[in-house]
Structures are given as C-alpha cells and as structure tokens.
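A.B. asks: Okay, structure incoming, though there's no sequence with it:
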C-alpha cells in the first residue's frame with residue numbers, strides 16, 4: 001500500500017514569488033483525497049512536485065509505492081504511446097529501448113543488432129512489459145470495445161477526449177502503481193463515465209490524490225479534502241459534504257487567533273509606553289521598562305498568525321434583457337448523422353439543460369443556435385430581440401488576439417478604467433496584459449463569461465461552462481445565472497450545476513431527443 005507525506009514544502013515561481021510556503025500534509029494508505037483550491041493556487045504544481053517532475057526549494061516529500069500520474073492534458077501519438085505514458089518508469093524505459101532496437105534491426109539486420117534486439121526483448125519482459133500488455137487488453141476492451149492488439153497502433157486523433165481519459169484511467173486503476181495522482185480525470189467524461197469513475201475510485205485499494213472541479217464527483221469519491229490557498233495547505237478530514245462548513249469554521253478560528261495577537265501587541269505597547277514615562281522619574285522601574293521592551297520586540301519578531309486566505313470574490317453581472325416569449329423554435333429539426341427530427345420550443349426566462357452522452361450532437365445544436373453553419377434539415381428560429389451569446393467548450397477563440405484588456409476595450413468601446421474594473425470583478429485584473437491563449441483554463445472560462453456579460457446577450461448558449469471553473473467560480477456562475485434576465489441553454493455533465501436548471505432536453509444515444517422535468521443520465 002502507498003502513502004504520501006509532504007513536510008514543510010516550499011516552492012518558488014521562476015520570478016521568485018512564493019507559490020507554496022511550508023506546506024505539510026499526509027495522504028495515508030488507501031485514502032482517497034481531493035485536492036481543491038482556486039485556479040492558479042498551485043494544485044497541478046503540487047502534483048508535479050509529488051510526482052518528481054519538479055524539485056521543491058525547501059522541505060521534503062516522502063512516498064511508498066509506485067506513483068502513477070494522469071496529467072491534465074491529453075497525449076499525442078498512438079494508443080500504445082498513451083498507455084505507455086501512464087505505465088511505470090521501468091516499463092517506459094524498456095519500451096523505448098525495444099523501439100530503438102527494432103528500428104536498428106529494420107535498418108540493417110546483422111548479428112550485433114539481433115543480439116541487442118534479443119536483449120531489449122528480455123529486458124522488456126523482465127520489467128513486466130508483456131504482463132502489462134495483458135492488462136492493457138482488458139483496458140482497451142472496457143474503454144474502446146476492442147482488444148489491445150487491434151488498437152495499439154491507432155492514432156489518438158481518432159479517439160474522443162472521453163475515450164482517451166477512460167483508457168488512461170482504466171490502465172492506472174488496473175496497473176501496478178499503488179499511488180495515483182489524477183489531475184482533472186473527469187474532464188471530457190460524460191456522466192455515465194463519471195459515475196463509473198466514482199465507483200472505481202471508491203472500490204480501489206490504491207491511494208488516490210485527485211484534482212477535480214466536479215462537486216458531485218468530489219462528494220462521492222473523496223474521503224478527505226486537501227485545500228491549497230494563500231500559499232499554504234490545510235486538510236479537512238471529512239468528506240466534501242462538510243467541507244464548506246469546515247472551511248468557514250477554520251476561517252473564523254484564524255481570524256480569532258489574529259485578533260488575539262493584535263490585542264496582545266496593543267497591550268504590550270501600552271505597557272512599554274507606561275513604563276517609559278514612569279521610569280523617566282523612577283530609576284527603580286528602568287529594569288522593568290527594558291524587560292517590557294525586549295518582550296515586545298520578541299513578540300513582534302515572531303510575527304502574527306496567518307490570516308484566513310482572502311475569499312474569492314467573482315461577481316458576474318449577467319444582465320440580459322427582455323425578449324419575445326418564444327425564444328427558440330425547432331420544427332422537425334434534424335442534425336445529419338446525429339439527431340433524428342424533433343420539435344421543441346424554449347420560452348423566455350427558462351433555464352434548459354441539454355444532457356446526453358458524448359457524441360450525441362449537443363455541442364452541434366448549440367453552435368447551430370449561435371449562427372454557425374451546421375448541416376441540418378427542418379426549421380430552427382430565434383424569437384424577437386434574441387441575441388445569442390455562445391460559450392465554447394474548447395475555448396478555441398481565434399478571434400481573441402492580444403492582451404485581454406485591449407480586447408475588451410476594442411470590442412466594447414470601454415475606457416481602460418472600466419475595462420480593468422470589469423476584469424477585476426472576475427478576478428482577472430492581474431492577467432489584463434496576458435494573451436487569451438496564455439491564460440489558465442479557469443481564467444479563459446471566466447473571461448468568456450465576462451464577454452457574454454458585456455455583449456448584452458439575451459440567450460446564453462453555454463457548452464460545459466463549469467468544466468474548468470474552480471469551486472468558487474462555479475458557484476458565482478450559478479448565482480449570476482439566477483439574476484440573469486434572459487434565457488439559458490446549457491450543455492453540461494456537471495450534475496451539481498444541472499440540478500439548478502428548470503427542465504431538460506435529453507439527447508439519447510439512439511438519436512432521439514426527449515424532454516424531461518428531471519435530469520436523466522441513463523439514455
């Protein structure tokens with residue numbers, strides 16, 4: 001069984017600013033810990049430190065058992081390359097040597113190269129490479145419906161993001177590593193796959209540390225919560241259900257300790273002031289005065305307790321505007337190869353969830369409503385005064401070039417002060433001079449929502465809006481939508497977010513669209 005122990009860990013950014021200061025925590029054998037915190041707080045960096053990709057500036061990281069890592073971004077190459085990327089280090093090294101030996105013997109077949117190839121085959125077998133390929137056969141069958149030998153050379157470009165994630169997770173959960181570091185493993189997964197992941201993590205004997213923004217996944221799979229915020233780390237020993245209350249109580253305790261420190265410093269300063277005045281006319285009090293001064297200096301040198309981390313204050317002012325009663329009308333609408341003909345009507349003020357498995361046409365439907373040239377038959381019509389605003393799932397926005405503050409100034413004719421104030425409300429002001437493509441996933445998501453706000457859109461077409469938002473930003477979005485005067489269509493696999501919507505269009509795997517008053521994930 002594996003464990004992770006982090007002691008007094010300090011890590012500085014390349015410009016010298018601290019990201020983590022004296023962080024300490026332990027994930028015991030078989031524990032399933034969620035790693036949460038604001039975007040940019042250092043969650044991924046902490047995983048990379050534990051994995052050995054980065055070196056800390058101070059402190060110690062100890063672990064027992066092999067470490068398997070799922071990184072946030074998907075790989076390139078073939079299915080075999082993807083599976084090797086999550087294999088133990090000795091298997092990866094032996095596979096690379098075997099590939100070099102195969103290439104060499106293909107170029108020229110002679111006895112030295114034959115011997116080198118034979119040795120590479122033996123080494124690959126010794127580290128368990130062929131045994132692991134047996135496991136990969138099960139993984140490929142579960143994730144892709146085909147045996148490993150038929151998909152090993154298949155390009156990853158032919159797999160969806162969800163298929164790649166499921167395959168990697170199958171390999172890690174069935175593999176030999178006793179510790180798993182999972183960085184946003186649920187991204188690209190539909191709800192059925194997320195439910196599988198929850199069950200798999202809960203049933204696994206491995207020690208798991210995962211980063212996720214899916215609140216239902218955290219509630220179902222994690223038995224403790226590790227928070228990274230304000231350069232430090234703290235642990236809530238219970239599940240996610242009690243996390244918000246635990247965080248509130250911790251903040252109150254920290255503020256109480258800070259206030260007691262301030263009160264004691266004020267008392268010591270008053271004492272020094274009093275003794276200084278009295279000792280001026282009474283030499284017998286000179287020793288007491290010097291002692292009080294020394295005590296005050298030691299107290300202030302030790303420094304105050306840390307304050308509670310500053311709360312995120314993302315304020316989304318999604319205003320919208322009044323439109324006609326019929327906002328979207330679909331008559332015998334058919335998306336070629338994806339959806340059979342269906343009819344529906346969406347009325348002003350509704351919050352409609354668009355649910356279904358990956359690949360059922362949900363994103364195409366939103367893109368069609370946004371005005372993109374999506375092949376279809378039938379009629380789709382927007383009502384009077386409806387201004388659609390589209391939040392793109394992939395965050396690919398070639399129209400967003402240059403520093404984000406300049407983009408906002410140019411697009412909406414704002415003054416610089418107004419543009420920076422708008423960015424500040426979304427906690428994006430420090431990134432005002434960065435290009436869109438250099439922002440984190442969470443920052444890109446918040447900026448897209450800000451653009452919707454400033455555009456005056458009255459119909460919000462949101463494609464997986466919470467995928468990259470941290471917990472506080474996701475809650476801010478839900479609060480902002482509550483005050484939005486307009487209509488919302490949201491594609492989502494976020495069950496927590498979906499519960500806030502009014503009704504649902506269910507895009508089934510059979511190509512049929514059904515309507516429901518409750519979120520359904522079984523079609």
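C.D. replies: Yep, it's here. On a predicted model such as this, the values are computed, not experimentally measured, just so you know.

A.B. asks: Please count neighbours and contacts with C-alpha atoms only from this point.
C.D. replies: OK.

A.B. asks: wait, what's in contact with residue 28?
C.D. replies: For residue 28, the contact set (Cα atoms under 8 Å, 6 or more residues apart in numbering) comprises 2-4, 207.

A.B. asks: how about 10 Å then?
C.D. replies: If you count contacts by Cα atoms under 10 Å, 6 or more residues apart in numbering, residue 28 has them with 1-5, 63, 207-208.

A.B. asks: ok, now how distant is it from residue 208?
C.D. replies: According to Cα to Cα, to the nearest Å, residue 28 and residue 208 sit 9 Å apart.

A.B. asks: Counting neighbours, which bits of stretch 375-383 end up buried?
C.D. replies: Of all the residues in stretch 375-383, those buried under the rule 16 or more other Cα atoms under 10 Å are 376, 380, 382-383.

A.B. asks: JSON lines please, covering those residues and showing distance to residue 171.
C.D. replies: Below are the buried residues of stretch 375-383 laid out as JSON lines (distance: Cα to Cα, whole Å):
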{"residue": "376", "distance to residue 171": "39"}
{"residue": "380", "distance to residue 171": "43"}
{"residue": "382", "distance to residue 171": "46"}
{"residue": "383", "distance to residue 171": "49"}
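
A.B. asks: how about those in a markdown table, adding secondary structure?
C.D. replies: Shown next, in a markdown table, are the buried residues of stretch 375-383 (DSSP: H, G, I helix; E, B strand; the rest coil):
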| residue | secondary structure |
| --- | --- |
| 376 | strand |
| 380 | strand |
| 382 | strand |
| 383 | coil |
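
A.B. asks: Tabulate those residues (JSON lines), appending pLDDT and distance to residue 402.
C.D. replies: JSON lines is the format used below for these (pLDDT from 0 to 100; distance: Cα to Cα, whole Å):
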{"residue": "376", "pLDDT": "94", "distance to residue 402": "35"}
{"residue": "380", "pLDDT": "95", "distance to residue 402": "35"}
{"residue": "382", "pLDDT": "96", "distance to residue 402": "33"}
{"residue": "383", "pLDDT": "94", "distance to residue 402": "34"}
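
A.B. asks: what's the nearest residue to residue 65 if we skip its chain neighbours?
C.D. replies: residue 2 (4.6 Å; Cα to Cα, 6 or more residues apart in numbering).

A.B. asks: Over to residue 130?
C.D. replies: Counting by Cα to Cα, 6+ apart, residue 130 lies nearest to residue 124, which is 7.2 Å off, once chain neighbours are set aside.

A.B. asks: for the one you found, phi and psi?
C.D. replies: phi -60, psi -40 (degrees, to the nearest 10).

A.B. asks: swap in residue 26?
C.D. replies: For residue 26, the backbone dihedrals (degrees, to the nearest 10) come out as phi -140, psi 140.

A.B. asks: Could you do residue 77 as well?
C.D. replies: Main-chain dihedrals, residue 77, degrees, to the nearest 10: phi 100, psi -140.

A.B. asks: Equivalent analysis for residue 233, please.
C.D. replies: phi -130, psi 140.

A.B. asks: Spell out the residue ranges of the helices in the stretch 251-400 of the chain.
C.D. replies: Shown for the stretch 251-400 of the chain, the helices assigned by DSSP state H, counting those that start in this stretch span residues 286-302, 362-369.

A.B. asks: most packed of those?
C.D. replies: Ranked by average neighbour count under the criterion mean count of other Cα atoms under 10 Å, the helices of the stretch 251-400 of the chain are headed by helix 362-369 at a mean of 20.

A.B. asks: I'd like to check what contacts that helix. Which residues are they?
C.D. replies: Residues outside helix 362-369 that contact it (Cα under 10 Å, 6+ apart) are 328, 333-335, 338-339, 354-356, 361, 370, 372-376, 380-382, 388-393, 459-464, 489-492, 505-507.

A.B. asks: For the residue nearest to residue 58 when sequence neighbours are not counted, list the residues it contacts.
C.D. replies: Nearest non-adjacent residue to residue 58, counting by Cα to Cα, 6+ apart: residue 10, 5.0 Å away. Residue 10 makes contact with 18-24, 55-60, 231-232 under the criterion Cα under 10 Å, 6+ apart.

A.B. asks: Need the three-state assignment for residue 10.
C.D. replies: Residue 10 ends up strand, using three-state DSSP.

A.B. asks: isn't the residue nearest to residue 65 right up against residue 178?
C.D. replies: Yes. Counting by Cα atoms under 10 Å, residue 2 touches residue 178, with 5.2 Å between them.

A.B. asks: Spit out the residues that contact those two alike.
C.D. replies: 29-30, 64-67, 205-208.

A.B. asks: Just the buried residues of these.
C.D. replies: Neighbour-count burial (16+ other Cα under 10 Å) applied to these gives 29-30, 65-67, 205-208.

A.B. asks: Where is pLDDT lowest across the residues you listed?
C.D. replies: In terms of pLDDT, residue 65 ranks lowest among these, with 88.

A.B. asks: Over to that one: give its phi and psi.
C.D. replies: The phi/psi pair for residue 65 (degrees, to the nearest 10) reads phi 100, psi 150.

A.B. asks: So, low pLDDT: which residues of this structure?
C.D. replies: 312, 394-396 (pLDDT under 70).

A.B. asks: do that again at 50, thanks
C.D. replies: Counting by pLDDT under 50, not a single residue of the chain qualifies.

A.B. asks: coming back round to it: quick one: contacts for the residue nearest to residue 65?
C.D. replies: Residue 2 touches 27-31, 63-67, 177-180, 205-208, counting by Cα under 10 Å, 6+ apart.

A.B. asks: how about a cut-off of 7 Å?
C.D. replies: Contacts for residue 2 (Cα atoms under 7 Å, 6 or more residues apart in numbering) come out as 29, 63-65, 178-179, 207.

A.B. asks: In strands only, show me these.
C.D. replies: Among the contacts of residue 2, the members falling in strands (DSSP state E) are 63-64, 179, 207.

A.B. asks: quick check, nearest of those to residue 150?
C.D. replies: For those, the minimum distance to residue 150 (Cα to Cα) is 29.5 Å, reached by residue 179.

A.B. asks: okay, now that closest one: neighbour count?
C.D. replies: Residue 179 has 29 neighbours, counted by other Cα atoms under 10 Å.

A.B. asks: For burial, what's the neighbour tally of residue 7?
C.D. replies: By other Cα under 10 Å, the residues close to residue 7 number 15.

A.B. asks: Show me what it bridges to in the sheet.
C.D. replies: Beta bridges link residue 7 to residue 60, judged by DSSP bridges.

A.B. asks: Was I right to think it contacts residue 24?
C.D. replies: Yes. At 4.4 Å, residue 7 counts as touching residue 24 under the criterion of Cα atoms under 7 Å.

A.B. asks: How many residues are close by residue 77?
C.D. replies: Residue 77 has 12 nearby residues by other Cα under 10 Å.

A.B. asks: That one and residue 153: what is the separation?
C.D. replies: Separation of residue 77 from residue 153 (Cα to Cα): 9 Å.

A.B. asks: Ok, residue 507 next?
C.D. replies: To residue 153, residue 507 is 32 Å away according to Cα to Cα.

A.B. asks: secondary structure element for residue 419?
C.D. replies: Remark: residue 419 resides in helix 416-425, with elements defined by DSSP states H and E.

A.B. asks: And that helix, what's buried?
C.D. replies: Using 16+ other Cα under 10 Å as the test for burial, helix 416-425 gives 419-420, 422-424.

A.B. asks: For it, name the packing helices and strands.
C.D. replies: In terms of contacts (3 or more Cα pairs under 7 Å, 6 or more residues apart in numbering; DSSP states H and E), helix 416-425 is packed against helix 404-412.

A.B. asks: Specify the angle between the helix it packs on and helix 416-425 in degrees.
C.D. replies: Helix 404-412 runs at 120 degrees relative to helix 416-425, counting by axes from the mean of the first three to the mean of the last three Cα atoms, to 10 degrees.

A.B. asks: just checking, what packs against helix 404-412?
C.D. replies: Helices and strands touching helix 404-412, by 3+ Cα pairs under 7 Å, 6+ apart, are helix 416-425.

A.B. asks: So which residues make contact with the helix it packs on?
C.D. replies: Contacts for helix 416-425 (Cα under 7 Å, 6+ apart): 314-315, 405, 408-409, 429.
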